[in-house]
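Trainee: Output the structure for:
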Amino acid sequence: MKIWILLDKKDEPFHQYENKQLLSVISEAEIVYASEFEIVVNREDEKGIIYEDLRVDLPDVVIPRTGSRTTYFTLAVIRHLEKLGSWVLNPADSINKAKDKLETFQLLSAQKLPIPKTVLGKFPIDPNIIEKELSYPFVLKKISGSSGKGVLLVKKHQQFEDLLGLIEEENSRMNLIFQEFISHSAGQDLRVFVVGGRAIGAMKRTGKAGDFRSNFSAGGSAENFELNPEIEWLAVEAARAVGLEIAGVDILFGENDEIFVCEVNANPGFEGFEGATGVNVAGEIYSFVKLKSSQF
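Mentor: Down below sits the predicted model:
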């Protein structure tokens, strides 16, 4: 079985641990870079693709290790490999859906899954509309981002006005969403890792003191969390709604045992997860690949 682990070169330094783990577990795997491909589309169904100026045989399986920073070209490469007949997990369309936080919430909402109330900012942003739909404090997010970057807690009207003034002064038309703040989960959440429609474990993340975010990569801490049927079901359904075979699903704790999906990640890191849970994520991914490939 021939397996490619597809990377964007600029993202490789951020995923050295994950790439090393996958290569150590999957002997058939090799790393390829999206920027080294050439895409030629014609009427003939050629079972090959140009890589580093050579036409190469297609892999049986492609594991993209790209996420919120995935470029149009990388998505085009992934899509082309899909159309040529390789099994790709995760597929281009699902990566693109997960990259867009608003579309992710639209997909989750369509499946009646619990999410924080979310509003898309329309330029010029009218604070009266946002304040009518959401009470302070609320969360401001960029449509695309990871590791807690581009996420702010807006605590009062004057702060909101100041932020809008800065956005207008910089003539920024970045796409923003505004979201209900689940105060009961401030500074903590769950990351559930889903592989092939199965939750393989969960870790509870706690942010740095005074930070409402809970990202481990931003200096927080993590510990193992025992999955229960409700959380496991929600994580699996969230990954399914976005169409992801490999997903990191972030879940917030509400009052009265409520839980909410905060984010669905198409390229979750797993160094912190493995350290907190003891789960061999690369091994779980490979086991799923072998099981699914045997059905082709």
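Trainee: Now do stretch 116-129: distance from first to last residue.
Mentor: 17 Å (CA to CA, to the nearest Å).
Trainee: what sits up against it?
Mentor: 102, 105, 130, 133-134, 139, 157, 160-161, 164, 167-168, 173, 175-182, 252, 260, 262 (CB atoms under 8 Å, 6 or more residues apart in numbering). C-beta: built from backbone N, CA, C; applies to glycine.
Trainee: In this structure, where is pLDDT below threshold?
Mentor: Within the chain, the stretches with pLDDT under 70 are 44-48, 67, 145-149, 170-173, 209-211, 213-219, 296.
Trainee: Please narrow the contacts of stretch 116-129 to those residing in strands.
Mentor: Val139, Leu176, Ile177, Phe178, Gln179, Glu180, Leu252, Phe260, Cys262 (DSSP state E).
Trainee: ranges for the helices of this protein?
Mentor: With helices called from DSSP state H, the chain shows them at 16-25, 72-84, 92-99, 101-110, 127-133, 157-169, 229-242, 271-277, 281-293.
Trainee: Mind listing residues that contact the second one?
Mentor: So that's helix 72-84. 6, 8, 34-35, 37, 39, 41, 46-49, 58-59, 62, 64, 66, 88, 91-93, 95-96.
Trainee: Buried subset of the residues you listed, written for PyMOL?
Mentor: Selection of buried members from these for PyMOL, criterion 16 or more other CB atoms under 10 Å:
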select buried, resi 6+8+34+37+49+59+62+64+66+88+91+92+95+96
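Trainee: Sitting in strands, which of the contacts of helix 72-84 do you find?
Mentor: Using DSSP E, the contacts of helix 72-84 in strands are Leu6, Phe37, Gly48, Ile49, Val62, Pro64, Val88.
Trainee: Could you tell me the end-to-end distance of stretch 95-108?
Mentor: 15 Å.
Trainee: Show me how far it is from its chain's centre.
Mentor: Relative to its parent chain, stretch 95-108 has a centroid offset of 9 Å by CA atoms, centre = their mean, to the nearest Å.
Trainee: and Trp233, what is it in contact with?
Mentor: Trp233 touches nothing, counting by CB under 8 Å, 6+ apart.
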